[in-house]
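Undergrad: Requesting a structural model of the entry that follows:
(chains A and B)
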Amino acid sequence: MNTREGHSAVDNPSVGIVPLVGILALQGCVTPHIEHFKKVGARCRSVRSEAELSDLDGLVLPGGESTTMLRLLKVNKLFDPLREFVSKKPTWGICAGAILLAEEVKNPEQDSLRIVPIRAERNFYGSQLDSFKAEIDISGIDHKVSVDFIRAPRILPLNDSVTVLARHEDAAVMVRFNNLLCSSFHTELGADSSLHGLFVRECLV
Amino acid sequence: MDLRTGLANMLCNGVIMDVSNVEQAKIAEEAGAVAVMALERVPADIRKQGGVARMSDPKMIEAIKAAVSIPVMAKVRIGHIAEAQILEAIGIDFIDESEVLTPADPDHHINKKLFKTPFVCGACNLGEAMRRVNEGAALIRTKGEAGTGNIIEATRHMTMITNELRELRGKTGASLEDKAKEFRVPVELVQIVAESGKLPVPNFAAGGVATPADAAFVRQLGAESVFVGSGIFKSENPLAFAKAIVAATAQYDRPEVLLEVSRGLGEPMRGLEMSEIPESEKYAGRGY
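TA: Below you'll find the model as predicted:
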């Protein structure tokens, strides 16, 4: 059996596949994801260089500050390799990560990977005082999930190729586009690992 | 986890920069700061000019808040609940109850649980950190001597907290009760920290960070993010220093990157040796 750090489901198609999920770790909320992924049976790797993207089964672009991440992606020559990665492999963009994946970014306009046909409006709900918690239904999960909106963006689908997986007060808050998931909220700060479990299943497909 | 600690988690692996006007705030944002700390005088100037240091003019804070898309923090004096209420009314993203300003209450810190806005507080050791967490702080930072460009005190505090956490880990029963008495916090909190081996909120470094190497150093000691005060706008080339410190914070354990970003930056802030500062002018002893 292949036991090297980077082995993937593709290398090892036998029973008990343990997918390897990367977490972009240039800036933002990384550690809480590792604990959730461990709980749902995945291994994790922090990603801060192009080499660390190789042989991952999926990638999380975590919450944090999108302006900082964007700058660090460019400084570390990760922008193009990441664009390449997300065009093929399951990737879940959360809050700032969803902004990075968006085709259009407003308030203010800024560069992004321009992959998912959504418009992300930064800080749509206001400042930290306007951050809030909610219990929402998410397609594919059989119970209401407790989620956190922290200085969250609004995500607006730009066409029908985008499937809405969750809404809050009629607005889309989680969407799918091919192999990509975007959520404007966080679940990693709470105890519910079901969305991490859902993402790990995507990584096994 | 509450929303206040949630925001603190989003700031991890980043740099929070002190800025004194809109122009500096924009430079910080462009350089990749995760947040800015709006204050009229950076600690190096507060130290030089003396007098009572208070919360900054709300007008200046509001102008900075309007100019950038990243979170904005501001400082209040230790214990000064009215200054904190004013900052909350502005809609500030984070309040620093800071020893850099002149303390307002000789016996008490702010009861931070009464605010919706998250607070960051300084700590030299684990007991102080846990008292602040017990009062509702969403984030802890070291109390390195601000405005000195000298990293030694931040190093001391970060190492102290790491060692005390290690010592506490796995302890049970009566020894936890003793620690709770010593720290002046409920035993339940001591139990949580003893079980997890870490603070229930993120732990950042602050005070004395002047170069990319300083930022990388405190990160290697365990700081999850770095506050940089006077180190950027008192340097010869603020934008270059700011960008380099951001890059070094992200790749703190990769010497080849640290070398790359450290090369040819120009003069850092001048800095002060600790023995040049009279005991009465040291900030770390402020607070209880």
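
Undergrad: okay, CA-based contacts and neighbour counts for the rest of this
TA: Noted.

Undergrad: Could you find the closest non-adjacent residue to residue B:191?
TA: residue B:176 (6.7 Å; CA to CA, 6 or more residues apart in numbering or on different chains).

Undergrad: which residues touch the one you found?
TA: B:187, B:190-191 (CA atoms under 8 Å, 6 or more residues apart in numbering or on different chains).

Undergrad: Among the residues you listed, which one has the most neighbours?
TA: residue B:190 (24 neighbours; other CA atoms under 10 Å in any protein chain shown).

Undergrad: For that residue, list the residues it contacts.
TA: Contacts for residue B:190 (CA under 8 Å, 6+ apart) come out as B:176, B:179-180.

Undergrad: Kindly recompute the last result at 7 Å.
TA: Going by CA atoms under 7 Å, 6 or more residues apart in numbering or on different chains, residue B:190 touches B:176, B:180.

Undergrad: Please identify the residues of chain A in proximity to chain B?
TA: A:26-29, A:63-65, A:67-68, A:71-72, A:127-129, A:131, A:150, A:189-190 (CA under 7 Å from any CA of the partner chain).

Undergrad: taking the residues you listed one by one, which sit in strands?
TA: Per DSSP state E, strands hold no members of the residues of chain A next to chain B.

Undergrad: Could you list the low-pLDDT ranges of chain A?
TA: A:1-16 (pLDDT under 70).

Undergrad: Which residue ranges of it form helices?
TA: With DSSP state H as the criterion, chain A has helices at A:31-39, A:66-75, A:79-86, A:96-101, A:194-204.

Undergrad: any chance of those helices in TSV, plus mean neighbour count and distance to residue A:108?
TA: Supplementary listing: the helices of chain A in TSV, determined by neighbours: other CA atoms under 10 Å in any protein chain shown; distance: least, CA to CA, whole Å:
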stretch	mean neighbour count	distance to residue A:108
helix A:31-39	17	28
helix A:66-75	21	10
helix A:79-86	16	20
helix A:96-101	30	12
helix A:194-204	19	30
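
Undergrad: interface residues of the stretch 1-150 of chain B facing chain A?
TA: So the stretch 1-150 of chain B meets chain A at B:1, B:3, B:6-7, B:9-14, B:32-34, B:91, B:93, B:116-117 (CA under 7 Å from any CA).

Undergrad: buried subset of those residues?
TA: Among these, the ones that count as buried by 16 or more other CA atoms under 10 Å in any protein chain shown are B:3, B:6-7, B:9-14, B:32-34, B:91, B:93, B:116-117.

Undergrad: and which of the contacts of residue B:176 is nearest residue A:42?
TA: residue B:191 (29.2 Å; CA to CA).

Undergrad: List of residues touching stretch B:234-248?
TA: Applying CA under 7 Å, 6+ apart, the contact partners of stretch B:234-248 are A:72, B:14-15, B:27-28, B:31-33, B:211-212, B:215-216, B:232, B:258, B:261-262, B:265-269.

Undergrad: Quick one: buried ones out of these?
TA: By 16+ other CA under 10 Å, the contacts of stretch B:234-248 give A:72, B:14-15, B:27-28, B:31-33, B:211-212, B:215-216, B:232, B:258, B:261-262, B:265, B:268-269 as buried.

Undergrad: Just the ones in helices from those residues, please.
TA: Counted as lying in helices by DSSP H, out of the buried ones among the contacts of stretch B:234-248, are A:72, B:27-28, B:31, B:212, B:215-216, B:232, B:258, B:261-262.

Undergrad: related to what we said a few turns ago, show me which pair in the buried ones among the residues of the stretch 1-150 of chain B next to chain A is furthest apart.
TA: Longest distance between any two of those is 26.6 Å, between B:32 and B:116; criterion CA to CA.

Undergrad: Number of residues surrounding residue A:144?
TA: By the measure other CA under 10 Å, the count of residues near residue A:144 is 11.

Undergrad: my bad, should have said residue B:273
TA: Applying other CA under 10 Å, we find 11 residues neighbouring residue B:273.

Undergrad: need the contact list for it.
TA: So residue B:273 contacts residue B:150 (CA under 7 Å, 6+ apart).

Undergrad: what does the model give it for pLDDT?
TA: pLDDT for residue B:273: 85.

Undergrad: cool, residue B:266 as well?
TA: Predicted confidence (pLDDT) for residue B:266: 90.

Undergrad: show me the contacts for it.
TA: By CA under 7 Å, 6+ apart, the contact list for residue B:266 reads B:236-237.

Undergrad: go on, residue A:60?
TA: Shown in contact with residue A:60 (CA under 7 Å, 6+ apart): A:22-24, A:91-93.

Undergrad: Among those, name the ones in strands.
TA: Members of the contacts of residue A:60 lying in strands (criterion: DSSP E): A:22-24, A:91-93.

Undergrad: now that we have those residues, which one has the most neighbours?
TA: residue A:91 (28 neighbours).

Undergrad: list the contacts for that residue?
TA: A:58-60, A:179-181.

Undergrad: For those, which single residue is the most surrounded?
TA: Most surrounded of these: other CA under 10 Å gives residue A:59, at 28 neighbours.

Undergrad: returning to what we had before: tell me which of the residues of the stretch 1-150 of chain B next to chain A fall in helices.
TA: In this view, the residues of the stretch 1-150 of chain B next to chain A that belong to helices under DSSP H are B:3, B:6-7, B:9-10.

Undergrad: Present the residues you listed as a markdown table; the columns should include pLDDT.
TA: What follows is those, written out as a markdown table (pLDDT from 0 to 100):
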| residue | pLDDT |
| --- | --- |
| B:3 | 97 |
| B:6 | 97 |
| B:7 | 98 |
| B:9 | 98 |
| B:10 | 98 |
